[in-house]
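[1] Build me a structure from this.
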Amino acid sequence: MCVVTFGQKPGNEAYDEITSIQRIMLQASNEVLDAENNLNLEIVHLEFDLILGNNVKYTYRTLSGGWTYVAYAEGESIMTDDIDLYMYVQNDITGEWIEVMKDNRDNFGAICSYQVFVTGNYRFAVKVGKYAEGFTGCHYYILIAHQKPN
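    Predicted coordinates for the structure are as follows:
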């Protein structure tokens, strides 16, 4: 069992508010509504997780050829100032991961858009570039989508 306090002491309201996943779920729900209702995207993967310090979190997904995929990652608004996203494809022969796209600009959310020609295995790496003052961890989500079929 691992207890993470983000600098707050357990047993108080500030701790409960900081460690709750509700804030990031609300943030993601706004992006889901925008993706589906305004951008005509079909979400194929949505994942929530916790990231601490300089750790990198990985998500793996088989992407189908013939689609342009969009991956978007965002950290909790009060805990992160910058989040980075890297996208890799796996070489079928060597198994090596080859970087195909990244968004490591200094920004609150990170986005990668990539046209997949051949079905393959992809890895998405999420890393916090900069935490908000006083934080060394946060919840984040990653959303992967493609255009809705006609």
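[2] got a list of contacts for stretch 46-65?
    4, 21, 24-25, 28, 32, 44-45, 69, 75, 116-128, 136-144 (C-beta atoms under 8 Å, 6 or more residues apart in numbering). The C-beta positions use only the backbone N, C-alpha and C, and glycine is treated the same way.
[3] Buried ones among those residues?
    Buried by 16 or more other C-beta atoms under 10 Å: 24, 28, 32, 69, 75, 116, 122-128, 137-144, out of the contacts of stretch 46-65.
[4] Among those, which ones are in strands?
    69, 75, 116, 122-128, 137-144 (DSSP state E).
[5] Okay, strands next: where are they in this protein?
    Listed in chain order, the strands of the chain (DSSP E) span residues 41-52, 56-63, 67-75, 80-90, 97-103, 109-116, 120-131, 137-147.
[6] now those as CSV including mean pLDDT?
    Output for the strands of the chain, formatted as CSV (pLDDT from 0 to 100):
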stretch, mean pLDDT
strand 41-52, 95
strand 56-63, 97
strand 67-75, 96
strand 80-90, 96
strand 97-103, 96
strand 109-116, 95
strand 120-131, 96
strand 137-147, 95
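[7] so what does the helix ranked longest in the chain touch, helix or strand wise?
    Assignment by DSSP state H gives helix 22-37 as the longest helix of the chain. Secondary-structure packing of helix 22-37 (3 or more C-beta pairs under 8 Å, 6 or more residues apart in numbering; DSSP states H and E): strand 41-52, strand 67-75, strand 137-147.
[8] dump the residue contacts of the nearest residue to residue 125 once chain neighbours are set aside.
    Using C-beta to C-beta, 6 or more residues apart in numbering and skipping the chain neighbours, the partner closest in space to residue 125 is residue 86 (4.2 Å). Counting by C-beta under 8 Å, 6+ apart, residue 86 touches 99, 101-102, 104, 112, 124-125, 127.
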